[in-house]
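In: Below are the sequence and a predicted model for it; my questions follow.
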Amino acid sequence: MSAPSGPSGGRLSRGTTILLLSPVLALLGFSLFWPVANLVGRSFFDEGFTLEHYRFVYEQPLYWRVFGRTFWISVWCCVLALLIGYPVAYAMARTTGWRGVVVAACVLVPLWISILVRSYAWIFLLQRNGVVNDVLRDLGIIERPLRLLYTEGAVLLAMTHVLLPFMILPIYATLRGIPRDLEKAARNLGAGPFRAFWTVTLPLSLPGVSAGVLFVFILAIGFYITPALVGGPRTLMIGTLIAQQVTELLNWRVAGAVSMILLAITLVITIVFQRALSIEKISGNA
Amino acid sequence: MHSAGVNGAARGLVLTRVKRVAGVALIVVILTFLVAPIFIVVPVSFGSERFLQFPPKDLTWRWYAEFFRDPEWRAATIFSLQVATLTALSATVVGTLAAVALVRGVHRARRALTALMLSPIIVPNIVLGVALYLSFAQVGISGSLTGFVLAHTALSVPFVILTVSAALHRVDPSLELAAINLGANRFDAFRLITLPLIAPAVLVGALFAFLISFDEAVISFFLSGVGTKTLPRKLFENTDFDISPLIPAVATILMSVSLVLMGAIQWINRMRSRSGASEGA
Amino acid sequence: MAVRDVSLQVRAGEFLSLLGPSGSGKTTLLMMIAGFEFPDGGRIDVGGRDITRLEPNLRDIGMVFQRYALFPHMTVSENVGFPLRMRRLPRAEIKRQVSEALAMVRLSGFENRRPDQLSGGQQQRVALARATVFHPPLILMDEPLGALDKKLRDQMQIEIKSLQRKLGATVIYVTHDQQEALAMSDRVAVMNHGVIEQLSTPRDLYNEPESIFVADFVGDTNLVPGKVVALENEIATLDAGSGLTVRGRVSHASAATLSVGQAATLSVRPEHVRLLDRGAVPDGALSMKREQEIYTGENVAIVGALANGAGFRVHQAVAAGTVTHGEEWLDVVWAPGDARVFAGGGTP
């Protein structure tokens, strides 16, 4: 439509566009792409191209256990977060007035607070002389403090807690886009409240559900802070494994290999489910 | 028939009532689960004893005072503030320029470029932390203010871009055209017309970047040197061996900063949507 | 390609409209004059100055945008004073000229209001004041009245014209509303698919359209396609199928090319078609099947079809009294001199 000699309708010229993009591209190149490529490169190149480090990881049962544990916990995280989060998302979407504000605040405020602080809260609750043990002892249910911290259960609980808002928000966004009239129409046509929900609202909220599940899963498999604080060395997950390789064992190449595997899994999931994660689909504008 | 109908209706009403109360109770329980664990930390930080006590018996500001007095905690706080401020500044500038380019520029690969800009969000923090540790050490900026600012800016730039480009989309592009037609050059048109209109979004982006940097724990863990620890890093270290209410106090301070900044962001957004009509006829 | 081959000369002080459907290229042409699009070839001169490659902020052309583009964070006087500020005029002078400009659009006293405190018509006038305060030789307007309701639009049409006359400025006005173009312009350029199909005064445009497109786009018309069977004294007779013959004057544009045996289209405006009393049926009258009657206050439009199925409309002024008595088939006739025949078949 326009001549090569100038932009159309007030758009920036190509040169200006590139100029404006160069700081961010330089920044990301230096602080993201190069370091990651560097790390990943270490895992592939050790005096020539080699898959030795990947074979090493492949052959060690420890790594399989860690990956397995991570996936297991992440999947259960998704399930729990879905079961707990869906009702909250529903309440958030359907409640109005000050009650709605309270619900929204309870979901959003934890999101604003750093993961470190939120994870620390669980240490505080679950330690030997922490709140939970104290309460149980006061109530006479147990005599000696339970070992709650540094278990897989603790990690699952803390991670679910931290990731709940990421499940709730996409579902809420989708539910908000479903007109209330649909459920009313179903009721009018004879469906009971549960049936109306099951056959009308639930299927329409699936885009938000799948987005939530994907968000939580992707975040969970790469988590570091929460498993590190609440899990300890006996419940290694992929994130803490990588850290351990680097800080304790100085094994950069294996760390690189495991990182690459984690990255690959994350990228594959993101790309394959890209459409499910698109904003339009979640807010029902597709 | 009539009385059965009324009784049936009454029973149905009671059942609905019970269901509703149960539903509300469920939500309340879940919400408590969401919020309580975090805020339990707050009262503990005021306990007077040297160990963690819930509920605390005598209340005191002692642990906060100790936090501000301790040279190591102070150094960490100052360092965190420095990093966060510089990050906010650079992320805002870099991100706003990029947002302008993405929204108003010409390019064929827009979707690929946008995905590129948002890539820091996709890469798991642990991978990034380890990678930065490796690479920045090689060029000698690991453990330095520069290294931290570069890393944190890369992390926050996507959020600045998202926020500013959303606002840019809402500004009528013919406003800049009108300004140019009336005699302003490209830069003046941006400065006098577009920039004031997206200023709240730019501010929100800056606050976001500050908060992300201030709270950031994973990359800080790997990049911190002996004298250059951020507050989250020191907190992470000390959770293991410090069992006094000092840690809850630090956690409470971090929480307060988060809440204040996010509160400010919400307030700015509310002001913006109230005068929503003013972003272009 | 939005604009294909356009040559246009606008006289000083003229009000010229670019009229056409969306996608005709009229807005693109305007943008090229304003400097926001660059032509692949050719020249643009304003007042003898070649501005083809000149930056848009240096062209000294006034422009009123479709949605006014008033700066929402500035007051009315800051908006109107903006071009003067860009030209580095002293503050006192800016103030004086802004007052003058506002007075000319009858908005004195509105200096400190913000655009969102103004009605649509007031915003329109501020946009006008801003575009004229620096006395540009040329003013461009991009469908400025589209967002207003009919009454306000009619009023603003008069105001814009009087402003233009007062300033003695040249105006190029883009619109898709042919009634607006006819009402306001000294000349109208009808655009279609990137070319100017016709450039004439409103009267000539209406009475002597040079193509089927123009005949159809400007005002209502009946199009009857057919084949030329006779050609005599500039009157062409067409066989329109189903035993129908129609007659009309050959248009100037087709005079050279039209010959017997060719496909052609006849265009006759509904107000030129007369309904006949029963019994007084002269040669050349046609039968029309009546399907609907539409009352529009001033006229009655009788909508139906000719014997060959072609849609047909007749406009009767209500004041003249109706001739129909509820019959299904009506007799209609027109003077061949009132109809036009164009080469080429089918609807545009």
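Out: Nice, thanks for sending it over.
In: make it CA atoms for all contacts and neighbour counts henceforth
Out: OK.
In: Spit out the contact partners of C:Gly25.
Out: C:Ala2, C:Val3, C:Met191, C:Asn192, C:His193, C:Gly194, C:Val195 (C-alpha atoms under 8 Å, 6 or more residues apart in numbering or on different chains).
In: how close does it sit to C:Ile61?
Out: According to C-alpha to C-alpha, to the nearest Å, C:Gly25 and C:Ile61 sit 20 Å apart.
In: coming back round to it: can you tell me which of the contacts of C:Gly25 lies nearest to chain B?
Out: The shortest separation between chain B and any of the contacts of C:Gly25 is 18.6 Å, and it belongs to C:Ala2 (by C-alpha to the nearest C-alpha).
In: So the closest one sits against C:Met191, correct?
Out: No - with contacts counted by C-alpha atoms under 8 Å, C:Ala2 stays clear of C:Met191, the gap being 10.8 Å.
In: Now do the shared contacts for the two.
Out: With C-alpha under 8 Å, 6+ apart applied, the overlap between the contact sets of C:Ala2 and C:Met191 consists of C:Ser24, C:Gly25.
In: Those two: who's more crowded?
Out: Higher neighbour count among C:Ala2 and C:Met191: C:Met191, with 25 against 17, using other C-alpha atoms under 10 Å in any protein chain shown.
In: In this structure C:Val228 contacts C:Ala236, no?
Out: Yes - using C-alpha under 8 Å, C:Val228 is in contact with C:Ala236, at 6.7 Å.
In: Which one's more surrounded, the two?
Out: More neighbours surround C:Ala236 than the other of C:Val228 and C:Ala236, with 27 against 24 (other C-alpha under 10 Å).
In: helix, strand or coil for the more buried one?
Out: When the structure is reduced to helix, strand and coil (DSSP: H, G, I helix; E, B strand; the rest coil), C:Ala236 reads as strand.
In: Would you confirm that C:Phe342 belongs to a helix?
Out: No - the assignment for C:Phe342 by three-state DSSP gives strand, which leaves it out of any helix.
In: hang on, A:Gly222 packs against B:Ile126?
Out: Yes - in this structure A:Gly222 lies within contact range of B:Ile126 using C-alpha under 8 Å: 7.0 Å.
In: Spit out the residues that contact the two alike.
Out: Here A:Gly222 and B:Ile126 share the contacting residues A:Gly239, scored by C-alpha under 8 Å, 6+ apart.
In: give me the residue from the stretch 101-250 of chain B nearest chain C.
Out: Closest point on the stretch 101-250 of chain B to chain C, by C-alpha to the nearest C-alpha, is B:Gly183, at 4.2 Å.
In: And for that residue, nearest residue in space, chain neighbours not counted?
Out: With C-alpha to C-alpha, 6 or more residues apart in numbering or on different chains as the criterion, B:Gly183 has its nearest non-adjacent residue at 4.2 Å, and that residue is C:Asn57.
In: where does the one you found fall, phi/psi-wise?
Out: The phi and psi torsions at C:Asn57 (degrees, to the nearest 10) take the values phi -90, psi 0.
In: And for C:Asp142?
Out: When read as degrees, to the nearest 10, the backbone of C:Asp142 gives phi -110, psi 90.
In: Quickly note the distance from it to B:Val157.
Out: C:Asp142 is 39 Å from B:Val157, where distance means C-alpha to C-alpha.
In: Do you know the pLDDT at the closest residue to chain C within the stretch 51-200 of chain A?
Out: Nearest residue of the stretch 51-200 of chain A to chain C, counting by C-alpha to the nearest C-alpha: A:Gly97, 29.0 Å away. Predicted confidence (pLDDT) at A:Gly97: the value is 85.
In: ok, back up a step: surely the residue of the stretch 101-250 of chain B closest to chain C meets C:Pro83?
Out: Yes - using C-alpha under 8 Å, B:Gly183 is in contact with C:Pro83, at 5.9 Å.
In: And stretch C:251-266, what's buried?
Out: Applying a neighbour-count criterion of 16 or more other C-alpha atoms under 10 Å in any protein chain shown, one finds C:Ser251, C:His252, C:Ser254, C:Leu258, C:Ser259, C:Gln262, C:Ala263, C:Ala264, C:Thr265, C:Leu266 buried in stretch C:251-266.
In: Pipe those into TSV and attach distance to chain A per row.
Out: Conversion of the buried residues of stretch C:251-266 to TSV gives the following (distance: C-alpha to the nearest C-alpha, whole Å):
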residue	distance to chain A
C:Ser251	34
C:His252	33
C:Ser254	32
C:Leu258	36
C:Ser259	39
C:Gln262	37
C:Ala263	35
C:Ala264	34
C:Thr265	33
C:Leu266	35
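In: Go through those and say which is closest to A:Glu152.
Out: Nearest to A:Glu152 out of the buried residues of stretch C:251-266 is C:Thr265 (C-alpha to C-alpha; 85.0 Å).
In: re the thing from before, show me the two of the contacts of C:Gly25 that sit farthest apart.
Out: In those, the most distant members under the criterion C-alpha to C-alpha are C:Ala2 and C:Met191, with 10.8 Å between them.
In: about what we covered before: so which of the contacts of C:Gly25 is the closest to chain A?
Out: Distances from chain A to the contacts of C:Gly25, taken by C-alpha to the nearest C-alpha, are shortest for C:Ala2, at 6.2 Å.
In: and the nearest residue to B:Thr239 once chain neighbours are set aside, what helix or strand is that in?
Out: Leaving aside its chain neighbours, B:Thr239 sits nearest to B:Ile247 (6.8 Å; criterion: C-alpha to C-alpha, 6+ apart). Take DSSP states H and E as the rule and B:Ile247 turns out to sit in helix B:246-274.
In: helices or strands up against that helix?
Out: In terms of contacts (3 or more C-alpha pairs under 8 Å, 6 or more residues apart in numbering or on different chains; DSSP states H and E), helix B:246-274 is packed against helix A:97-112, helix A:115-126, helix B:2-44, helix B:62-69, helix B:195-215, helix B:231-238.
In: Measure how buried the closest residue to C:His272 other than its chain neighbours is and give me the count.
Out: Among residues not flanking C:His272 along the chain, C:Trp334 sits closest, at 6.2 Å (C-alpha to C-alpha, 6+ apart). When counting by other C-alpha under 10 Å, one arrives at 21 neighbours for C:Trp334.
In: Spit out the contact partners of C:Trp334.
Out: By C-alpha under 8 Å, 6+ apart, the neighbours of C:Trp334 are C:His272, C:Val273, C:Arg274, C:Ala285.
In: what do you get if the cut-off is 7 Å, keeping everything else the same?
Out: Remark: with contacts taken as C-alpha atoms under 7 Å, 6 or more residues apart in numbering or on different chains, C:Trp334 is in contact with C:His272, C:Val273, C:Arg274.
In: Burial check on A:Leu250, number of neighbours?
Out: The number of residues packed around A:Leu250, counting by other C-alpha under 10 Å, is 12.
In: per-residue confidence for residue 139?
Out: Answering for chain A, as no chain was given. Reading off the confidence values, A:Leu139 has pLDDT 81.
In: I was after chain C.
Out: The per-residue confidence score, pLDDT, reads 94 for C:Ile139.
In: which residues in chain C form helices?
Out: For chain C, the helices identified by DSSP state H occupy C:26-34, C:76-86, C:91-104, C:120-132, C:150-167, C:178-184, C:202-207, C:212-217, in order along the chain.
In: Quick one: closest of these to C:Ser7.
Out: Counting by C-alpha to C-alpha, C:Ser7 lies closest to helix C:26-34 out of these; the figure is 10.7 Å.
In: which of the contacts of C:Trp334 tops the neighbour count?
Out: Each of the contacts of C:Trp334 was scored for neighbours by other C-alpha under 10 Å, and C:Val273 scores highest at 19 neighbours.
In: excluding its backbone neighbours, what's nearest that one?
Out: Beyond its immediate neighbours in the sequence, the residue positioned closest to C:Val273 (C-alpha to C-alpha, 6+ apart) is C:Trp334, lying 4.9 Å away.
In: and the gap between the one you found and chain B?
Out: The span separating C:Trp334 from chain B equals 49 Å under the rule C-alpha to the nearest C-alpha, to the nearest Å.
In: for A:Ala196, same thing?
Out: On the measure of C-alpha to the nearest C-alpha, A:Ala196 and chain B end up 15 Å apart.
In: pretty sure that residue is touching A:Ala186, no?
Out: Yes - under the contact definition of C-alpha atoms under 7 Å, A:Ala196 touches A:Ala186, with a separation of 5.6 Å.
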